[in-house]
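Chemist: model this:
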Amino acid sequence: MCEDNISQSEQKALDGAENPAAVSSEQLRQLLEDEEGLAVCRLLMEVSDTGASIPDAGEELALFHRRHRHRKSLRVALVAATVVAASVVFLFLLHSRQNEVLRKEVEPLLVFKAEKQPQRYASLQIPSEKREVSPGKKDAGMPGSIFRMTSHEIVYVPSVSLSDLMRTGVIATHRMVVPYGETFRLVLSDGTEVHLNADSRLTYPERFEGGERTVYLEGEAYFKVSRDTRRPFTVMTHDMGVRVLGTEFNMRVYQGENAQVALLEGSVEVRKASSGQSIRLVPGQRVEVSDDGSMHVESVDVDQYRYWKDGYFYFDGCSLEEIMKEIGRWYNVDVEFRMRQVPQSHLHFVGDRRKTLSYTMGLLNRMEKVKVSYENGKLVVDQCK
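Modeler: Residues are numbered from 1 along each chain as shown. Reported below is the predicted structural model:
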């Protein structure tokens, strides 16, 4: 039973110090959640560390109460010297359990979710068939084919070279699908060059006719548009369009992220379909379009867009979350943050995407900003110890 001038929580802490073996996990948890009990435990630890006697601990505990304006004075009975040693064991167990509870309080944040049954190779989808491009495979197509296909590239025959016979009839729609860990190059019938990043899809006509050249993008692509003043080139997404005549730009429209358009050369007009708002970019600028229709323009290092199509990770002034999302998408692996606070600093990171995941992890850990490990099939990002 607690003495009148000692609270129940404080008595439990003192009892635990006296007999730590009898303290259950539930009692430890309750002490961690109780401010008074935890304060007494910490005070006992300070006393044991400094070599002070138990009567001094009682005085310090009473002082603690006076500082916190308790109306009752605190009196702690003399405890044998063996209790001091027991309290050290008890508090060691307490602090270990406290750290465990704190770790449990950190809810893992999944920043990238991998595809469990990913497509292995890039594939060209045509209404009448589905053709899969395999590594090392070369396919000139059927007689009269309008494209040449290899493992990482499709080149369409220029429209001006098509016979009158091939210009008649329905124009087929083609769809290129690029899986995780791959990039793919397309040369469209007008000569426009398109580099598709991992987890991307481009839908386009087998040849362009009329006064417009329109394609549809999901994911990320680098465009080098063949100039044609009579026929503007337009890239459409679910709610945005980019219109150009002839230029180089990068467009990123992954699901769950704000859309981005960065201009390297020439000029582009970016329009939000739902609001009708539009903006024109100059080289070196990037616009980020949010779901609410707002547009934010900033100057960026455009080299990062050239580097990814050449096979490199290149991040300049990017957040840790941006970097880890891209790495997760490339290697198709879950990425989980286990930090109490995600670093807000902007980082610079360069790596060869053709290397293994373990190689890239080594580069990340070498920065000494975070600790990256591979656990149970996922990348785990934690604070440096």
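Chemist: can you pull out the low-pLDDT segments for the chain?
Modeler: By pLDDT under 70, the low-scoring segments of the chain are 1-7, 9-106, 128-145, 159-169.
Chemist: which segments of the chain make up each domain?
Modeler: Domains of the chain are assigned by the TED database as 8-49, 70-104, 107-115+311-384, 121-178+184-310.
Chemist: can you pull out the strands in the stretch 151-300 of the chain?
Modeler: Secondary structure of the stretch 151-300 of the chain (DSSP state E, counting those that start in this stretch): strands at 153-156, 173-178, 184-187, 193-196, 200-205, 213-224, 233-236, 240-244, 248-253, 259-265, 268-272, 278-281, 285-289, 295-299.
Chemist: got CSV for the ones you listed, with mean neighbour count and distance to Tyr314 too?
Modeler: C-betas here are computed from N, CA, C, even on glycine. Shown next, in CSV, are the strands of the stretch 151-300 of the chain (neighbours: other C-beta atoms under 10 Å; distance: least, C-beta to C-beta, whole Å):
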stretch, mean neighbour count, distance to Tyr314
strand 153-156, 19, 22
strand 173-178, 20, 19
strand 184-187, 21, 18
strand 193-196, 21, 14
strand 200-205, 20, 18
strand 213-224, 21, 13
strand 233-236, 21, 22
strand 240-244, 20, 22
strand 248-253, 22, 12
strand 259-265, 21, 13
strand 268-272, 21, 21
strand 278-281, 16, 20
strand 285-289, 20, 14
strand 295-299, 13, 17
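Chemist: between whatever helix or strand Glu322 lives in and strand 213-224, how many degrees?
Modeler: According to DSSP states H and E, Glu322 maps onto helix 320-331. Angle between the axes of helix 320-331 and strand 213-224 is 110 degrees (criterion: axes from the mean of the first three to the mean of the last three C-alpha atoms, to 10 degrees).
Chemist: contacts only, for Val155.
Modeler: Phe147, Arg148, Leu186, Val187 (C-beta atoms under 8 Å, 6 or more residues apart in numbering).
Chemist: out of those, who's nearest Phe337?
Modeler: Checking the contacts of Val155 against Phe337 by C-beta to C-beta gives Leu186 as the nearest, at 35.2 Å.
Chemist: end to end, how far does stretch 251-259 reach?
Modeler: 8 Å (C-alpha to C-alpha, to the nearest Å).
Chemist: mind listing residues that contact that stretch?
Modeler: Taking C-beta under 8 Å, 6+ apart as the rule, stretch 251-259 contacts 199, 217-221, 223, 235, 237, 240, 242, 260-261, 288-291, 325, 329.
Chemist: how about a cut-off of 6 Å?
Modeler: By C-beta atoms under 6 Å, 6 or more residues apart in numbering, the list of residues contacting stretch 251-259 from outside reads Gly219, Glu220, Ala221, Val235, Thr237, Met240, Gln260, Val261, Glu288, Val289, Ser290.
Chemist: do stretch 287-295 as well
Modeler: Met240, Asn258, Ala259, Gln260, Val261, Val270, Lys272, Ser275, Ile279, His296, Val297.
Chemist: name the next helix or strand downstream of the helix holding Glu322, please.
Modeler: strand 334-337.
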